[in-house]
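In: Attaching a predicted model along with its sequence, questions to come.
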Amino acid sequence: MNTIPKDLRYTKSHEWVKQNPDGTVTVGITHHAQDLMGDMVYVDLPQAGAQVAAGKECGVVESVKAASDIYAPVSGEIAEANAALAAAPETVNKDPYGAGWMFRLKPANKAELDGLLDAKAYEALVASEKH
Amino acid sequence: MGLRTPLYDNHVKMGAKMVDFGGWDMPLHYGSQIEEHRKVRADCGMFDVSHMNVVDLKGAGVRDFLKLLLANNVDKLKTQGRALYSCLLNTKGGVIDDLIVYFMDAQWFRIVANAATREKDMAWIGTAAREFGEVKVVQRDDLAMIAVQGPNAKEKVYRALGEQLRGLAGEIKPFHSVTVGALHVATTGYTGEDGFEIVLPATAAAFTWQMLHEAGVPPCGLGARDTLRLEAGMNLYGADMDETTTPLETGLAWTVALEPADRKFIGREALEKQNAAGVPRQLVGLVLEDKGVLRNHQKVTCDGAGEGEITSGTFSPTLDMSIALARVPAAVGIGERCTVDLRGRPASVRVVKYPFVRNGKSCFG
């Protein structure tokens, strides 16, 4: 199983970012992040229309074990939150890069995307945390 | 590398996520903590609890020694095999540990105490035994322990370990035990479900675990063990109580035998004083009425009665809501509403009696 897809970008706080053809980006948390947290029981996401700032917390995921903030990878406006997660937070564990996505975001400044980690850099980050 | 139980290799082979627990490498879960929790409530599951401290106390004076050492009274143990839950107290009435004591025979009692408190327990018990005399303290590191819990646990144990167990262990009441060959089989547990705790030679642990697995008992980790015990309203040492807490402040007054009045036990004076002055704090259950999850150490504010703190908070898989145990002022009543600081956001909680869940069913409306 590929736990760090090559075509995504990543943050140091373990969010993944996918660029969509319509100019928005989709954001979720990585396989590594959900594995560290364990079974998800509660997800609190920003509402559509909310303005978020790069590196600032904009939501919360809670597992049986712990609560963890979700940080906005880039600044912009929330286009859509994944409403299905409220009733089925375990989707984040089962399919972190697919059905477990958190929100879509319209970036205010596309240049911020270049500052994100690529798969190789994120893999190195995960490896360094394991030691 | 931490300490390892005889089942370490079994856990790794079964894909466990291993974590440090009081110096031991223990399985947190084998994939999903919530699924393991649900299996124990609906069917059964097994836990490696070999990290727990099994201590045999032997000698002519052992019963009298335990009457002095423990807050509960071992004179309640009249028949061989009977088990008793008790706190081990310091002279201030603070809880050094909680444990189960088994009456094995006239000159032999067995204690099963917590893993993380092993060193201080042994120092305390060792000193007390030397002062008392006539008691030998033997730590049983040659033993392992497997808990099989859930409505179908006993049937699957018979299937795995032999039908003769049905006749020998199947009829014993809760909080009893029986010795069958090399196995010490007890009807105790930490989940609020039916089942056995089996003490066995460490050398037989891996094979027994495998037999149980082949009989359809899924392995469960410490994660599920914690949510199960919390639903069952059982104290966890180090979270819900410690040496700064008396049993009276943590819902364990029922385990303190103040009668007969002439039994001197360590901590008695302090508890009598606290009873006379009024116990200032109590352990209550909380259920969260807002969204989110209650966590250990969050502040609880109760209008008019003052403040308290959550000692164990989690998400309850059985009730599908967040629950907690909390220490609050004695004036707080069941049914009242308090406010918890949920990561900077005030959230409403209802004060309830615990247990939250017993034998698979919710205990409140």
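Out: Now that the structure is in, tell me what you want to look at. Numbering: from 1, shown residues only, chains lettered A, B, ... in the order given.
In: When you work out contacts or count neighbours from here on, use the C-alpha atoms and nothing else.
Out: Noted.
In: At the contact with chain B, which residues of chain A appear?
Out: A:38-39, A:41-42, A:62, A:64-66 (CA under 8 Å from any CA of the partner chain).
In: got these as CSV, with secondary structure columns?
Out: Formatted as CSV, those follow (DSSP: H, G, I helix; E, B strand; the rest coil):
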residue, secondary structure
A:Gly38, coil
A:Asp39, coil
A:Val41, strand
A:Tyr42, strand
A:Glu62, strand
A:Val64, coil
A:Lys65, coil
A:Ala66, coil
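In: So which of those is surrounded by the most neighbours?
Out: Within the residues of chain A next to chain B, A:Val41 tops the neighbour count with 30 neighbours, counted by other CA atoms under 10 Å in any protein chain shown.
In: which residue sits closest to it, ignoring its sequence neighbours?
Out: A:Ser63 (5.1 Å; CA to CA, 6 or more residues apart in numbering or on different chains).
In: which sections of chain A are below the confidence cut-off?
Out: Along chain A, segments meeting pLDDT under 70 span A:1-2, A:131.
In: can you give me the helices in it?
Out: When secondary structure is read from DSSP state H, chain A shows helices at A:31-37, A:91-94, A:119-129.
In: Pipe the ones you listed into JSON lines and attach mean neighbour count per row.
Out: Below are these laid out as JSON lines (neighbours: other CA atoms under 10 Å in any protein chain shown):
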{"stretch": "helix A:31-37", "mean neighbour count": "17"}
{"stretch": "helix A:91-94", "mean neighbour count": "22"}
{"stretch": "helix A:119-129", "mean neighbour count": "13"}
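In: Ok, which of those comes nearest B:Val293?
Out: Closest approach to B:Val293 among these is made by helix A:31-37 (13.9 Å; CA to CA).
In: what does the closest one rub up against?
Out: A:3-4, A:14, A:40, A:63-66, A:92-93, A:96-97, A:126 (CA atoms under 8 Å, 6 or more residues apart in numbering or on different chains).
In: so after the helix or strand containing B:Asp121, what's the next helix or strand?
Out: Following DSSP states H and E, the helix or strand that holds B:Asp121 is helix B:118-132. Heading C-terminal from helix B:118-132, the first helix or strand you meet, by DSSP H and E, is strand B:136-139.
In: and of the helices of chain A, who's closest to B:Arg159?
Out: Closest among the helices of chain A, using CA to CA: helix A:91-94, at 33.5 Å.
In: And the closest one, what does it pack against?
Out: Contacts defined by 3 or more CA pairs under 8 Å, 6 or more residues apart in numbering or on different chains; DSSP states H and E place helix A:91-94 against helix A:31-37.
In: What is the neighbour count of the residue lying closest to A:Lys94 once chain neighbours are set aside?
Out: Of all residues not flanking A:Lys94 in the chain, A:Gly100 sits nearest, at 7.5 Å (CA to CA, 6+ apart). Neighbour count of A:Gly100, defined by other CA under 10 Å: 22.
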